[in-house]
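Asker: test case, fold it:
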Amino acid sequence: MEIRYKPGSSLAGDQGIVLVTSLLLIALLIGAGAAAIVAVQSDLRTTANLNGGNRAFYVAEAGINHARGELQSRSGAMNFDRALQTNAGTVIVNNSNFNGGTYRVTRLAWPANSSWIRVVSAGTAPNNSVSEVEAWFRKDPGRPPKAIATSGDLKISGSPKLIGACGGAHSNDDMQVSGNLAVQMADGLTAANLNVAGGIIPEGMNIGGTPCVGSAFCANSNDQQPEANRLDSVEKRAAYEASHGSVQFYDMPRINPADYTPLVASLGEEGKGYILHGDGTVTTGPGVTCATNGLCTGGNLMPLPSGWSFSEGSWRIDGASAADGVFYSEAKVDISGNVGSVSLPWQATVVARDSIRISGDAYMRPYPTTSLPLQNHLLVTGNDLEITGNMTASYTPGAILVHQQMKITKNPQIAGFVIAGDGQPAWAGDPFTDSSAGVALNEISGNPTVDYSCQFGCLGPGCPWPLVAVVGWKQKF
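Answerer: Residues are numbered from 1 along each chain as shown. Take a look at the predicted model:
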């Protein structure tokens, strides 16, 4: 039987509903697709902005690292000291094309007498992305690698003790060791390669005697020293020479006493800063003017500080007491008296344009000045240093900085470190470039003790180059 539907029946009417429903579904799908496209485009824009912001942040961070390197560098156009002396807004570094972005690091306001620098690095990236990072740099005191560091030959004999975490000796030239030296550092004895006429010439090490190297117990008597640390055979000494006689060259600081003259003069009478002139007069600031050759004029004329005298072209101390303070001498300094005492040491920082000789049983400690660059200094010389008495300078650590050679003998007790530059590096107008007179070579003999902790350093112009550390940072936007 055939079934036919008449027009206008209910089934025929449902055809319109299906059409409308289909159109609505298509419209909904189109709307959902459009919404999805808009959402994807929005996500892409957000991702692009986020990526651009991240890139700008990393570019700004690269600027911070570049600025730290520039402030660390001795040869940098804007080293730490120069940056400290400039006003806010000073550009430290900038780069107009760093992986498609730019950065510019400028100094922000911060107290002028601080050992910190506050900077901001503005970084840019594609899509007009910008980020700023603020950071604080701190200058940490410079420290040599070992208790003794010399540019020239170093001869060690007798029974010296180089103790402490950095108890050791380094020479940029030859090192000759004999006797019963005690060294706490495992790599405590090192000699470097010397670059001569474009070629590397190995300068070496010659070890004799029975030194003990690499243990705090080396400072004990011989029968209590660890056998493994005693270089008591030809084979042990040869092996140590081979592994330590050709190491990295140590970059010596420029030890120019003239660099200290403005610091000493600025202390004035209140800060106990005295300029001892080569004619026997004494002045103090303000008003003292010093040339780059270390000779000074002007200032307020002062009576001789207690305990000091001038004769035969040298400033001398030959009594049991002397005025405390920071002293800059244009002439030689000779300390022959038993100045100070065990319970009341002489508090002095002595900087001499010429040599310093200590032959008495002096009891000394660095003068506790408020001047940051002068703190922790005991002796600074533009020529030689001779310590031939039983000096005791072990109360607090002090830096001993020698432009030419040093000689330490007998039984001195020293806390801190000793650097002897062998006349290098020199400078224009250096009055003592010839080491032929005075101390012939760097020498340590007798029974001295030098106790040096790696944590001790100084910030003066003749000190080892300081380390610049990032002590804090924050992203501004």
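
Asker: which ones are touching Ile117?
Answerer: For Ile117, the contact set (C-beta atoms under 8 Å, 6 or more residues apart in numbering) comprises Leu71, Phe80, Ala83, Leu84, Arg107, Trp110, Trp136, Phe137, Lys139. In this view, the C-beta of every residue, glycine as well, is placed from N, C-alpha and C.

Asker: let's see that with 10 Å instead.
Answerer: Residues in contact with Ile117 (C-beta atoms under 10 Å, 6 or more residues apart in numbering) are 67-68, 71, 80, 83-84, 86, 90, 92, 107-108, 110, 135-139, 468.

Asker: Cys166 now?
Answerer: 143-148, 184-185, 188, 417, 450-456.

Asker: check Gly389 too.
Answerer: The contact partners of Gly389, by C-beta under 10 Å, 6+ apart, come to 335-338, 357-362, 409-412.

Asker: hmm, back to that, show the buried residues in the contacts of Cys166.
Answerer: Buried by 16 or more other C-beta atoms under 10 Å: 143-148, 184-185, 188, 417, 450-454, 456, out of the contacts of Cys166.

Asker: widest-spaced pair of these?
Answerer: Maximum pairwise distance in those, criterion C-beta to C-beta, is 16.8 Å, between Gly188 and Phe456.

Asker: which intervals of this structure have sub-threshold pLDDT?
Answerer: 1-16, 20, 32, 34-50, 74, 112-113, 193-203, 435-437 (pLDDT under 70).

Asker: now do the strands in the stretch 251-400 of the chain.
Answerer: 273-276, 282-290, 296-302, 308-311, 314-317, 325-329, 332-335, 346-352, 356-358, 364-365, 377-381, 385-387, 392-402 (DSSP state E, counting those that start in this stretch).

Asker: can you add mean neighbour count and distance to Leu154 and give those strands back as TSV?
Answerer: Shown next, in TSV, are these (neighbours: other C-beta atoms under 10 Å; distance: least, C-beta to C-beta, whole Å):
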stretch	mean neighbour count	distance to Leu154
strand 273-276	26	31
strand 282-290	19	32
strand 296-302	16	33
strand 308-311	15	32
strand 314-317	23	27
strand 325-329	25	27
strand 332-335	23	24
strand 346-352	26	22
strand 356-358	24	19
strand 364-365	23	24
strand 377-381	28	17
strand 385-387	25	14
strand 392-402	23	12
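
Asker: what about those, which gets the closest to Pro160?
Answerer: Closest to Pro160 of these is strand 385-387 (C-beta to C-beta; 12.1 Å).

Asker: if we can go back for a sec, out of the contacts of Ile117, which sit inside strands?
Answerer: Counting by DSSP state E, the part of the contacts of Ile117 found in strands is Ile92, Arg107, Ala135, Trp136, Phe137, Arg138, Lys139, Val468.

Asker: quick one: the last one from Phe217, how far?
Answerer: With distances defined as C-beta to C-beta, to the nearest Å, the gap from Val468 to Phe217 amounts to 37 Å.

Asker: the more surrounded of those two?
Answerer: Ranked by neighbour count (other C-beta atoms under 10 Å), Val468 and Phe217 place Val468 first, with 21 against 13.

Asker: identify the residues contacting the more buried one.
Answerer: Per C-beta under 10 Å, 6+ apart, neighbours of Val468: 67-73, 79-80, 83, 117, 137-140.

Asker: any idea what it is bridged to?
Answerer: Lys139 (DSSP bridges).

Asker: where's it relative to Gln455, distance?
Answerer: Counting by C-beta to C-beta - Val468 and Gln455 are separated by 17 Å.

Asker: so Asn411 is in contact with Thr392, correct?
Answerer: Yes - assessed by C-beta atoms under 10 Å, Asn411 is found in contact with Thr392 at 9.2 Å.

Asker: once you drop chain neighbours, what's closest to Trp136?
Answerer: Distance criterion C-beta to C-beta, 6 or more residues apart in numbering; nearest residue to Trp136, sequence neighbours excluded, is Gly472 at 4.6 Å.

Asker: actually Gly76, sorry about that
Answerer: Gly76's closest residue in space is Glu70 (C-beta to C-beta, 6+ apart), at 4.4 Å.

Asker: repeat for Gln225
Answerer: Leaving out its chain neighbours, Gln225 is closest to Cys212 (C-beta to C-beta, 6+ apart), at 4.6 Å.

Asker: same question, Glu132
Answerer: Lys476 (4.1 Å).

Asker: got it, and Gln184?
Answerer: Per C-beta to C-beta, 6+ apart, closest to Gln184 is Gly167, 3.6 Å.

Asker: residue contacts, the one you found?
Answerer: 146-148, 161, 182-185, 188, 213, 216, 218-219, 417, 449-454.

Asker: so Gly63: helix, strand or coil?
Answerer: helix (DSSP: H, G, I helix; E, B strand; the rest coil).

Asker: that one and Ala393: what is the separation?
Answerer: 44 Å.

Asker: same thing with Ser114?
Answerer: From Ser114 to Ala393 the distance is 30 Å (C-beta to C-beta).

Asker: just to revisit the earlier point, quick check: neighbours shared by Asn411 and Thr392?
Answerer: The contact sets of Asn411 and Thr392 overlap at Asp361, Thr449 (C-beta under 10 Å, 6+ apart).
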